[in-house]
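1. pasting the sequence and the predicted coordinates here, then a few questions.
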Amino acid sequence: GAGVSQSPSNKVTEKGKDVELRCDPISGHTALYWYRQSLGQGLEFLIYFQGNSAPDKSGLPSDRFSAERTGGSVSTLTIQRTQQEDSAVYLCASSPQGYYGYTFGSGTRLTVV
Amino acid sequence: AQKITQTQPGMFVQEKEAVTLDCTYDTSDPSYGLFWYKQPSSGEMIFLIYQGSYDQQNATEGRYSLNFQKARKSANLVISASQLGDSAMYFCAMREGTGNQFYFGTGTSLTVIP
């Protein structure tokens, strides 16, 4: 597609369940970010993938969070044993290597009840 | 210390007027990039403008310009001739030359009044 695609757009889950959030970056984009945006807040960095390099996981808030990127394209963010504080909008962004302007997806709104 | 500070939670501007959204940053890295993003109610983050720390001139993109004052560590966004479609949240962000992540401010909500 023309832009960064994220699915699902909305997810409601029960506390304690695992969830998977998907990001399809723009074809050919080697860099991919995951960010989290809580209500009324700025964006919180979670993880960064660049090509075949080891990902920068320094922003993941706990070991319940993990992410992978298969074949340098699609990325999945997994949250295990969800907690209410995990409720937020999860945004994915991608960019060609070396380009400074990242394209964001519309995000997945996660609600943990 | 906050890497990016946006001190205006909300701003109002009359249609067709210009508006300045404030942003200050904090870094000891001599190489960095400054960005502004627009987030309309749909939620998507839209890249507006970029300023590199070594750029000699202020960046401009159509109606958007970045007032870069390096000594003051400020990177204010100026929107000229405001339009109703400019109503949105605006985020200032920085990426340091030695790091991977973008640091975002808490945003400014801009409302354009007809």
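-> Arrived safely.
2. nearest the middle, which residue of chain A would you pick?
-> With distances taken as C-alpha atoms, centre = their mean, residue A:34 lies nearest the centre of chain A, 3.4 Å away.
3. return the distance of residue B:89 relative to chain A.
-> 10 Å (C-beta to the nearest C-beta, to the nearest Å). The way it works is simple: take the backbone N, C-alpha and C, and place the C-beta from them, glycine included.
4. for the helix or strand encompassing that residue, which residues meet the burial criterion?
-> Applying DSSP states H and E as the criterion places residue B:89 in strand B:88-96. Under the neighbour-count criterion of 16 or more other C-beta atoms under 10 Å in any protein chain shown, strand B:88-96 has B:88, B:89, B:90, B:91, B:92, B:93, B:94, B:95, B:96 buried.
5. so the last one touches residue B:30, yeah?
-> If I follow you right, that is residue B:96. No. Using C-beta atoms under 8 Å, residue B:96 makes no contact with residue B:30, being 9.6 Å away.
6. follow-up on the earlier one: quick one: the helix or strand containing the residue nearest to the centre of chain A near chain B?
-> Using DSSP H and E, residue A:34 sits in strand A:31-37. Yes. Using C-beta under 8 Å from any C-beta of the partner chain, we find that strand A:31-37 touches chain B at A:33, A:35.
7. for residue A:78, give me its contacts.
-> A:18, A:19, A:20, A:21, A:65, A:66, A:67, A:68 (C-beta atoms under 8 Å, 6 or more residues apart in numbering or on different chains).
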